[in-house]
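Visitor: whatever this is, show me its structure:
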Amino acid sequence: MSEFLNQYHLTGLAIGLATFLIIGMFHPLVIKAEYHLGTRCWWAFLLAGVLLIVASMLVDGIALQAVLGVTAFSCFWSILEVFQQQERVYKGWFPRNPRRRYPWDDEIVTGDEKNRDSE
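Guide: Okay, here's the model as predicted:
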């Protein structure tokens with residue numbers, strides 16, 4: 001397969017397509033991870049990213065190295081995104097998991113706190 005890609009100079013396009021698909025795959029993955037596990041899943045993204053970087057340094061072939069590297073840094077970016085996803089849930093943009101407790105569940109809602117969101 002790599003001979004075909006190299007022969008027709010398609011390696012860059014294949015890496016670009018793989019990058020597009022990887023980033024597209026991580027969007028729903030972050031949403032599902034935050035819904036089911038909350039922000040405590042950030043360490044799994046960190047571990048996966050580190051393992052993928054090590055794998056990227058150990059394999060031969062520039063295309064595979066690039067795809068593993070892109071996936072690794074998508075994992076690292078997902079650490080930030082999982083915390084931002086929790087903020088989106090707090091704002092009501094995404095559904096909250098009724099079986100989970102959120103950090104803001106312990107807040108006592110008073111009239112002043114209700115009005116802070118409308119300001």
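Visitor: for the rest of this, base every contact and every neighbour count on C-alpha atoms.
Guide: OK.
Visitor: hey, where'd the helices end up in the protein?
Guide: 2-7, 11-37, 42-58, 62-90, 111-116 (DSSP state H).
Visitor: low-confidence stretches in the protein?
Guide: Residue ranges of the chain with pLDDT under 70: 1-2, 5-6, 108-119.
Visitor: ok, the spatially most central residue of it to His9 distance?
Guide: The chain has Ser78 as the residue nearest its centroid, 2.8 Å off, counting by Cα atoms, centre = their mean. Going from Ser78 to His9 by Cα to Cα, to the nearest Å gives 31 Å.
Visitor: kindly report the same for Leu46.
Guide: Leu46 sits 34 Å away from His9, going by Cα to Cα.
Visitor: and what of Tyr102?
Guide: Counting by Cα to Cα, the gap from Tyr102 to His9 is 50 Å.
Visitor: the two: which is more packed in?
Guide: Tyr102 (15 against 11; other Cα atoms under 10 Å).
Visitor: tell me the contacts of the more buried one?
Guide: Shown in contact with Tyr102 (Cα atoms under 8 Å, 6 or more residues apart in numbering): no residues.
Visitor: now it: phi and psi?
Guide: Tyr102 adopts backbone torsions of phi -110, psi 160, taken as degrees, to the nearest 10.
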